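Student: Build me a model from this:
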Amino acid sequence: MGVELGTAFEQWQQERATKNITGSLLLVGILGQWLLSLSRMVFKSKESAWLKIKELHLITGALTLIGAFLHAWNLGFGMLFFLMLSFIFNSILSSIYTLKTEGVVFNKANMSYLLPTHIVLSVIVTFLSLMHWWLVMTFN
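Tutor: Next up is the predicted model:
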């Protein structure tokens, strides 16, 4: 057809409505992850509720990663580059943590740093996302 996927995707992403919709959905997903995390602490004693919240947290995390690429095809530069890099690394780290806790990989390895690092990166991603949202809303 003569149109590359990346080029068509970048043109689609340049539309203001697309940026606003995907960015808003992405921010809601990122903030929603924190609500799920807090509810995980509340419902950890109830096994069935805990498992449902954990599964929803994992699904939402995967969807926010997809949403991030729908929102921004390239990594950007400056703060946006650091935001995307942190987001991707955090997703990889959480996948490794999940696979380890499920007993799929690294069964005997001591990876006690995974969850604290995931939380720190989540705080960074949330802060940078809110900062990006504020800058876009303020200066557009």
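
Student: quick one: contacts for His57?
Tutor: Shown in contact with His57 (Cβ atoms under 8 Å, 6 or more residues apart in numbering): 33, 36-37, 40. For glycine as for every other residue, the C-beta is placed from the backbone atoms N, C-alpha and C.

Student: Make a markdown table from those and add neighbour count and distance to Thr126 to it.
Tutor: A markdown table is the format used below for those (neighbours: other Cβ atoms under 10 Å; distance: Cβ to Cβ, whole Å):
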| residue | neighbour count | distance to Thr126 |
| --- | --- | --- |
| Gln33 | 18 | 8 |
| Leu36 | 17 | 13 |
| Ser37 | 13 | 11 |
| Arg40 | 15 | 16 |
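
Student: Give me the contacts around stretch 65-75.
Tutor: Outside stretch 65-75, the residues touching it (Cβ under 8 Å, 6+ apart) are 6, 9-10, 13, 19, 22-23, 25-26, 29, 80-81, 84-85, 87-88, 91.

Student: Show me what counts as buried in that stretch.
Tutor: By neighbour count with 16 or more other Cβ atoms under 10 Å, stretch 65-75 contains the buried residues 65, 67-72.

Student: Likewise for stretch 118-133?
Tutor: Of the residues in stretch 118-133, 118, 121-122, 124-125, 128-129, 132 count as buried by neighbour count, 16+ other Cβ under 10 Å.

Student: SS state for Phe81?
Tutor: Counting by DSSP: H, G, I helix; E, B strand; the rest coil, the backbone at Phe81 sits in helix.

Student: Where does pLDDT dip in the chain?
Tutor: Residue ranges of the chain with pLDDT under 70: 1-9.
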